[in-house]
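Enquirer: only geometry, no sequence info:
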């Protein structure tokens, strides 16, 4: 089985100095590739450095995370945009709108999100969308910029059944499922009954959101197999089938990964 983790922050300092060992462990387990979304200006160099060490295994994205958007976002956004002319990325990400902690910069987050959506159209790249307490705004922005042309993934999807129905109407989008689906009190498994594996890509969001039985600990790449096992239970199928179908979804969506693997 060959599995793709479509959202992993292995470059963050939470993994220092164990990145190489964790990547070898991931490779040995059957994980074929890790896709790495950027966060902000502070993470770019770390992400590039580790991707340069594993160019056929780690695939970077570039974007500005919504919680890094401040009132004076313009300079940061310009620096992020400049990266696209210097190397290849598999997506524009991690981008989106997050109103869970603070709504102060809601207007700025929407502006930055829509600008990065436009980049994705210009570059013909998918987007990795982070949304928290903000599905209505995110959907509004997608329809404003071009719902028929945009493509990407709703990373760490934890929406309602109604949110899922809206996503299903967006022809170019998948949902990213991670360890949250294994949590005891999560309703995500019930929500997912309204779709099937053709809509799903696998992810960890490591070092965050470790699946049961590792919940509360640092999430690691190999823990993604627990998410695959849970999806196999939900859809009453085999882990092999979950891995195969979600892999196909990932390499179809992320074309710059598909060129290599």
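Expert: Great, that's in hand. Since we're looking at a predicted model, the values are computed, not measured.
Enquirer: going by C-alpha atoms from here, please, whenever you check contacts or count neighbours.
Expert: Will do.
Enquirer: ok, which stretches of the stretch 101-250 of the chain are helices?
Expert: 106-123, 135-145, 161-168, 188-191, 224-234, 239-253 (DSSP state H, counting those that start in this stretch).
Enquirer: turn those into CSV, columns for distance to residue 67.
Expert: Formatted as CSV, the entries for those read as follows, by distance: least, Cα to Cα, whole Å:
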stretch, distance to residue 67
helix 106-123, 8
helix 135-145, 14
helix 161-168, 22
helix 188-191, 24
helix 224-234, 25
helix 239-253, 25
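Enquirer: which positions within stretch 239-257 qualify as buried?
Expert: 239, 242-251, 253-257 (16 or more other Cα atoms under 10 Å).
Enquirer: on that earlier part again, would you mind finding the most buried of the helices of the stretch 101-250 of the chain?
Expert: Using mean count of other Cα atoms under 10 Å, the stretch among the helices of the stretch 101-250 of the chain with the largest mean neighbour count is helix 224-234, at a mean of 21.
Enquirer: that older thread, including mean pLDDT and distance to residue 4, could the helices of the stretch 101-250 of the chain go into JSON lines?
Expert: Formatted as JSON lines, these follow (pLDDT from 0 to 100; distance: least, Cα to Cα, whole Å):
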{"stretch": "helix 106-123", "mean pLDDT": "98", "distance to residue 4": "22"}
{"stretch": "helix 135-145", "mean pLDDT": "98", "distance to residue 4": "26"}
{"stretch": "helix 161-168", "mean pLDDT": "98", "distance to residue 4": "22"}
{"stretch": "helix 188-191", "mean pLDDT": "98", "distance to residue 4": "21"}
{"stretch": "helix 224-234", "mean pLDDT": "98", "distance to residue 4": "9"}
{"stretch": "helix 239-253", "mean pLDDT": "97", "distance to residue 4": "6"}
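Enquirer: quick one: closest of those to residue 47.
Expert: Closest approach to residue 47 among the helices of the stretch 101-250 of the chain (Cα to Cα): helix 106-123, 19.1 Å.
Enquirer: ok, back up a step: which one of the helices of the stretch 101-250 of the chain lies nearest to residue 84?
Expert: helix 106-123 (8.7 Å).
Enquirer: please identify the buried residues of stretch 174-186?
Expert: Applying 16+ other Cα under 10 Å to stretch 174-186 flags 174-183 as buried.
Enquirer: among the residues you listed, name the ones in strands.
Expert: 174-177 (DSSP state E).
Enquirer: ok, back up a step: hmm, which two among the buried residues of stretch 174-186 are most spread apart?
Expert: 174 and 183 (21.2 Å).
Enquirer: residue 254 touches residue 127, doesn't it?
Expert: No. With contacts counted by Cα atoms under 8 Å, residue 254 stays clear of residue 127, the gap being 9.3 Å.
Enquirer: which neighbours do the two share?
Expert: residue 91 (Cα atoms under 8 Å, 6 or more residues apart in numbering).
Enquirer: picking up where we left off before, of all the helices of the stretch 101-250 of the chain, which one comes closest to residue 17?
Expert: helix 224-234 (20.8 Å).
Enquirer: compute the inter-axis angle for the closest one and strand 173-177.
Expert: Calculated by axes from the mean of the first three to the mean of the last three Cα atoms, to 10 degrees, helix 224-234 forms an angle of 110 degrees with strand 173-177.
Enquirer: can you list the neighbours in contact with helix 224-234?
Expert: So helix 224-234 is contacted by 5, 177-179, 181-182, 189, 193, 202-204, 211-212, 238-239, 241-243 (Cα under 8 Å, 6+ apart).
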